[in-house]
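Asker: Sequence and predicted structure below; questions after.
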Amino acid sequence: MPSTVALLRGINVGGRNPVAMTALAACFRDAGHEDVRTYLASGNVLFTPRPDAGPALEGALEAMLARRFGIEIPVVVRTRDELAATVAAAPADHGAPTLRSDVFFLKHPLTVDEVWAQLPELCEGVDTVSPGVGAIYFSRVAARASRTRITVLMGMPVFRRMTVRSWRTTTRLLELLDEA
């Protein structure tokens with residue numbers, strides 16, 4: 001299986017669900033995954049899945065993490081090629097210096113259409129949202145970011161089936177996968 005990134009949701013955020021990156025990497029290695037590296041303390045694990053990982057990798061990783069750390073940690077998995085496709089499909093201005101840009105990665109089987117149907121009204125002139133494959137691109141004008149309405153989406157039940165990474169982190173993860 002190709003190089004992969006596991007995007008863990010909700011660890012080391014605001015003092016909740018603390019997980020040391022060394023312990024996280026060890027957990028993946030102990031499960032038989034190879035080339036394990038972490039990036040930042042927000043739960044980004046780059047690795048090569050063990051050969052028998054199969055299509056249920058997200059669920060297997062969640063079970064592994066629950067056993068090791070005693071907390072439920074939702075996991076979104078993307079192969080190097082899937083992450084590259086997400087980066088390539090971003091709107092042309094996504095990540096522009098005048099914007100704060102993020103990627104909302106959707107956990108399988110959640111679809112963009114499901115999220116789009118629930119998307120709250122955003123702040124005109126501040127917020128921009130675009131659909132992707134298994135992801136939603138969200139930007140807000142940096143100078144007016146305090147007026148964003150994306151926090152409404154973050155308070156909805158569907159948000160628990162997503163994890164967010166900044167555009168900078170997303171592109172850096174792809175660079176790290178390419179270095180492997």
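Answerer: Received the coordinates, thanks.

Asker: Please make it C-alpha for all contacts and neighbour counts, starting now.
Answerer: Will do.

Asker: What ranges in this structure fall below the confidence cut-off?
Answerer: Applying pLDDT under 70 to the chain flags residues 1-2, 180.

Asker: Give me the domain ranges for it.
Answerer: Structurally, the chain divides into domains by automatic domain parsing as follows: 4-81, 83-167.

Asker: of all those, which lies closest to Leu176?
Answerer: Checking the domains of the chain against Leu176 by Cα to Cα gives domain 4-81 as the closest, at 8.0 Å.

Asker: Run through who's touching stretch 66-76.
Answerer: With Cα atoms under 8 Å, 6 or more residues apart in numbering as the test, stretch 66-76 has contacts from 6-11, 17, 19, 27, 58-59, 61-62, 65, 105-108, 161-163.

Asker: Which positions within it qualify as buried?
Answerer: Of the residues in stretch 66-76, Glu72, Ile73, Pro74, Val75, Val76 count as buried by neighbour count, 16 or more other Cα atoms under 10 Å.

Asker: I'd like the residues you listed as CSV, with secondary structure appended.
Answerer: Shown next, in CSV, are the buried residues of stretch 66-76 (DSSP: H, G, I helix; E, B strand; the rest coil):
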residue, secondary structure
Glu72, coil
Ile73, coil
Pro74, coil
Val75, strand
Val76, strand
